[in-house]
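Undergrad: What shape does this take:
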Amino acid sequence: MVTLGKLINSISPSRDVSAFGQLTRLMRDWQPDIVHTHQSKAGIIGRLAAREAHIPGIIHGVHILPFVHVGTAQRLIFLAAERLAARFTRAYIDVSQAMRDICVANHLGRPDQHHVVHSGFDLARFANAKWPQEPHLLLGTAVGEPKPPVVLMLAALEPRKRHVEFIEAFGQVVDRIPNVRLLVAGEGSARAAVESAIERSPFANSVRMIGHHREPERLISLADVCVLTSMREGLPRVMMQYLAGGRASVISHLPGVEEVVKHGVNGIVTPSDDVGAAAAAVADLLENRHYRARLADGAKLTDLSSWGLDSMCERVELIYQSVLESASAAAKPNERRIRDGLAKQTLELPGS
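TA: This is a model prediction of the structure:
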């Protein structure tokens, strides 16, 4: 693994040019058959570098689109950059049908270049999870005290996830269920803002900052209701983890959500611009255990087989093979190299 310190999320011309140069040199040295990029800015810089290094198979993973739910100027800039990179992108791997449709509608690749592959994870790990050890330490309760109602927000601490807004709206949940606990699990650039929101809240004792947790499935098992209030997202894997864990969840409406979460069947979908509605839905579920149990049962019955790790790996390998077969004859490895050496021959750029 090589870490590029110059490759950061925010736009920085000097750092971006430096990262482009470093990536180009690495690719020329390694000569991978495939470069598979992820994330918005890293995806553009990575694909530009791959083209400069004459890499035959350039693939981009679409998890989130930078030109959705942004201002007009930002939209035009991001679209122009994506369309430039699209000229030499051989294939796209989209996390949802909605992501694929938005790309095609905006002329980012041909329809036949797009492949929907769900982000895989260990389904059994979440379906069979137990509570964390010593849960009272997470909840801030005394040893032996009955577990209070628990709401879990499992997401990277980023502004687009809207932790601050949900914490501010959470007061209506506390008003209706005074002993409720909100667990905020995750790390990220917005940590200081989230901590500040908790500190100035009149119900600060009801909100617990967990930070990064190595066993998120145990947090889901502990929760009564799980929530995600993202403003901009692809098809977040945490949503499937909530379902795999068999928990009632409240999810803001995002492109592709309807592919998995059926409102009133296995979860609640609230307007993406109304965090207050999400808080109200959480309170409703906590007050109505029969409705909550019905949604939890619906979550357990949701077919998540296409999110399994084996399914994802098989689909991605087929796409890799197809891309290599369509590349120039000089860049095509033999079938054994595809099968046995694919991991070594593929350079992954996860972004920053």
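Undergrad: Please make it C-alpha for all contacts and neighbour counts, starting now.
TA: Will do.
Undergrad: show me the contacts for His118.
TA: Taking C-alpha atoms under 8 Å, 6 or more residues apart in numbering, we find His118 in contact with 94-96, 306-307, 312.
Undergrad: Which members of these are classed as buried?
TA: 94-96, 307, 312 (16 or more other C-alpha atoms under 10 Å).
Undergrad: and which of the residues you listed is nearest Val180?
TA: Comparing the buried ones among the contacts of His118 against Val180 with C-alpha to C-alpha places Trp307 closest, at 31.7 Å.
Undergrad: how far away is the closest one from Gly264?
TA: Trp307 sits 22 Å away from Gly264, going by C-alpha to C-alpha, to the nearest Å.
Undergrad: Same check on Glu317?
TA: Note on Glu317: its distance to Gly264, by C-alpha to C-alpha, is 36 Å.
Undergrad: what's the answer for Arg47, then?
TA: For Arg47, the distance to Gly264 - C-alpha to C-alpha - is 42 Å.
Undergrad: and these two? which has more neighbours close in?
TA: Arg47 (29 against 14; other C-alpha atoms under 10 Å).
Undergrad: pretty sure that one contacts Thr37?
TA: Yes - applying C-alpha atoms under 8 Å, one finds Arg47 in contact with Thr37, separated by 7.0 Å.
Undergrad: which residues are common contacts for these two?
TA: Common neighbours of Arg47 and Thr37 (criterion: C-alpha under 8 Å, 6+ apart): His60.
Undergrad: Surely Val269 is in a helix?
TA: No - counting by DSSP: H, G, I helix; E, B strand; the rest coil, Val269 is not found in a helix; it is strand.
Undergrad: okay, now the nearest residue to Arg315 once chain neighbours are set aside: neighbour count?
TA: Nearest residue to Arg315 in three dimensions, chain neighbours excluded: Val117, at 6.8 Å (C-alpha to C-alpha, 6 or more residues apart in numbering). Val117 has 23 neighbouring residues, counting by other C-alpha under 10 Å.
Undergrad: cool, and the one 5 residues further on?
TA: For Asp122, the count of nearby residues is 13 (other C-alpha under 10 Å).
Undergrad: Next: the one 10 residues further on.
TA: Residues lying near Pro132 (other C-alpha under 10 Å) number 17.
Undergrad: That one and Leu222 touch, don't they?
TA: Yes - look at Pro132 against Leu222 with C-alpha under 8 Å: they come within range, at 7.3 Å.
Undergrad: Quick one: the strands in the stretch 251-352 of the chain, in order.
TA: Residue ranges of the strands in the stretch 251-352 of the chain, as given by DSSP state E, counting those that start in this stretch, are 268-270, 346-349.
Undergrad: nearest residue to Ile198 other than its sequence neighbours?
TA: The spatially closest residue to Ile198, leaving aside those adjacent along the chain, is Ala204, at 5.3 Å (C-alpha to C-alpha, 6+ apart).
Undergrad: okay but that neighbour is in contact with Glu195, surely?
TA: No - contact criterion C-alpha under 8 Å: Ala204 and Glu195 do not qualify, at 9.8 Å.
Undergrad: Surely Ala190 and Arg160 touch.
TA: No - taking C-alpha under 8 Å as the definition, Ala190 is not a contact partner of Arg160, at 9.6 Å.
Undergrad: between those two, who's got more neighbours?
TA: More crowded of Ala190 and Arg160, by other C-alpha under 10 Å: Ala190, with 18 against 14.
Undergrad: what's the spacing between the more buried one and His163?
TA: In this view, Ala190 and His163 are 9 Å apart by C-alpha to C-alpha.
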